[in-house]
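Peer 1: Let's see this in three dimensions:
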Amino acid sequence: MELFTIGYERASVCDFLVTLQRVGIEQVIDIRELPQSRRKGFSKNQLAGHLEGAGIIYRHFRQLGDPKHGREAAKAGLFDEFKAIYNAHLDLNASLSALKDVASLAFEKKSVLLCYERDARYCHRKIVADRLSVLYSFRVNHLGVREGIGEADSSRQGRSEFARASI
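Peer 2: Numbers count the residues shown, from 1 in each chain. Got it, this is the predicted structure:
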């Protein structure tokens, strides 16, 4: 089975949705602890609405979010500390249960793990994806959102339904 990850940093909603559609994503699994964003369209309810308009299911797993002290370590550039904090968080029973639930969902539908950071190397979603790969034999692919892909795609297709619904 294949599992994808994606970050929306610097992305527009339109470019983000086109990226998901081109890969055939059926389900977004949001693993932000706090699914709020200063980036327009990426807070939980807005994002869920955009995804629904594109025919993509939205799920949120707060338990797999990076705890505050892990986020602080990452922001400070202390990536070894960040990884240690987050790996310890994933070893909690509640996190292991959430991982099992995510794996079950990802076995049923083509899924992507969502967080903010553009580069998966510096994001907890890579740690989650790696853990799911070890536990459940997922092949992991990290996606990037290419700027302008949504505008180019919608002009080529006469402004597709999902692009219209998402803007």
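Peer 1: So, low pLDDT: which residues of this protein?
Peer 2: Scanning the chain for pLDDT under 70 picks out the ranges 152-167.
Peer 1: Work out for me the element the spatially most central residue of the chain sits within.
Peer 2: Note on the chain: the residue nearest the mean C-alpha position is Leu114, at 0.8 Å, using CA atoms, centre = their mean. In this assignment (DSSP states H and E), Leu114 forms part of strand 111-115.
Peer 1: helices and strands around that strand, which ones?
Peer 2: strand 2-7, strand 27-30, helix 93-108, helix 124-136 (3 or more CB pairs under 8 Å, 6 or more residues apart in numbering; DSSP states H and E). For the C-beta atoms, the positions are set from N, CA and C on the backbone; glycine is no exception.
Peer 1: With only the CA atoms kept, save it in CSV.
Peer 2: Taking C-alpha atoms only, strand 111-115 is exported to CSV below (Å, rounded to 0.1, in the frame of the first residue of the first chain):
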residue,chain,number,x,y,z
SER,A,111,-4.6,8.8,1.7
VAL,A,112,-2.3,11.7,2.4
LEU,A,113,-1.0,12.8,5.8
LEU,A,114,-1.2,16.6,6.1
CYS,A,115,0.7,19.1,8.1
